[in-house]
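Participant: Show me how the following folds:
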Amino acid sequence: MTWTAPDINRVDEHFNADERTTLEEFLDWYRATLLHKCAGLTSEQLAERAVPPSNLSLLGLVRHMTGVERSWFRIRFGGEEVPRLYDRDGQDPDFDDATPTAAEADYAAFVSELELCRAATAGHDLDETFLHTRVGKQINLRWVYVHMIEEYARHAGHADLLRERVDGSKGS
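Facilitator: You can find the predicted model right below:
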């Protein structure tokens, strides 16, 4: 039997919350939006490439965002010594290696990573900083939240087009 991505319930953010709650809820809404775009699709459909020669697929986006979440929240901000995901000498394995056979495991890894990232930031102030070694600057947690919202917003547009290409579905 072929695995199918489960339905997801997206919860709207509060419209009059404090800064931290607003950032967390917007980020969670975008996280859920990516899963919503995958809902009801089979492993094969999730791994389907948009338009050759592009390697873009919904499953590739899930894998990509799993690695991005881990990198920003757990490795950089949290200082956890965990391996980077889908890393292969500057290539694009999060998209290149997105295959139907790994779809269920990749989806589960994304959902699990979200919980680990939430735990890595729980109780931390938005003004807490870390040194981003590649750019040589101190970055605060607030910036990471805004950056992640921007990252998801950009990829949500990709996900809209990919989903429409796969099965004709349109909408938010």
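Participant: Can I take it that residue 130 is in a strand?
Facilitator: Yes - secondary structure of residue 130 (DSSP: H, G, I helix; E, B strand; the rest coil): part of a strand.
Participant: give me the low-pLDDT residue ranges for this structure?
Facilitator: 1, 88-91 (pLDDT under 70).
Participant: Next, find the distance separating the most centrally placed residue in it from residue 160.
Facilitator: Centroid check for the chain by CA atoms, centre = their mean gives residue 65 as the closest residue, at 2.9 Å. As judged by CB to CB, to the nearest Å, residue 65 and residue 160 stand 15 Å apart. C-beta coordinates here come from the backbone N, C-alpha and C atoms, glycine included.
Participant: try residue 125
Facilitator: Taken as CB to CB, the span from residue 125 to residue 160 is 35 Å.
Participant: Neighbour count: these two, which is higher?
Facilitator: residue 160 (16 against 11; other CB atoms under 10 Å).
Participant: dump the residue contacts of the more buried one.
Facilitator: Residue 160 sits next to 37, 170, 172 when contact means CB atoms under 8 Å, 6 or more residues apart in numbering.
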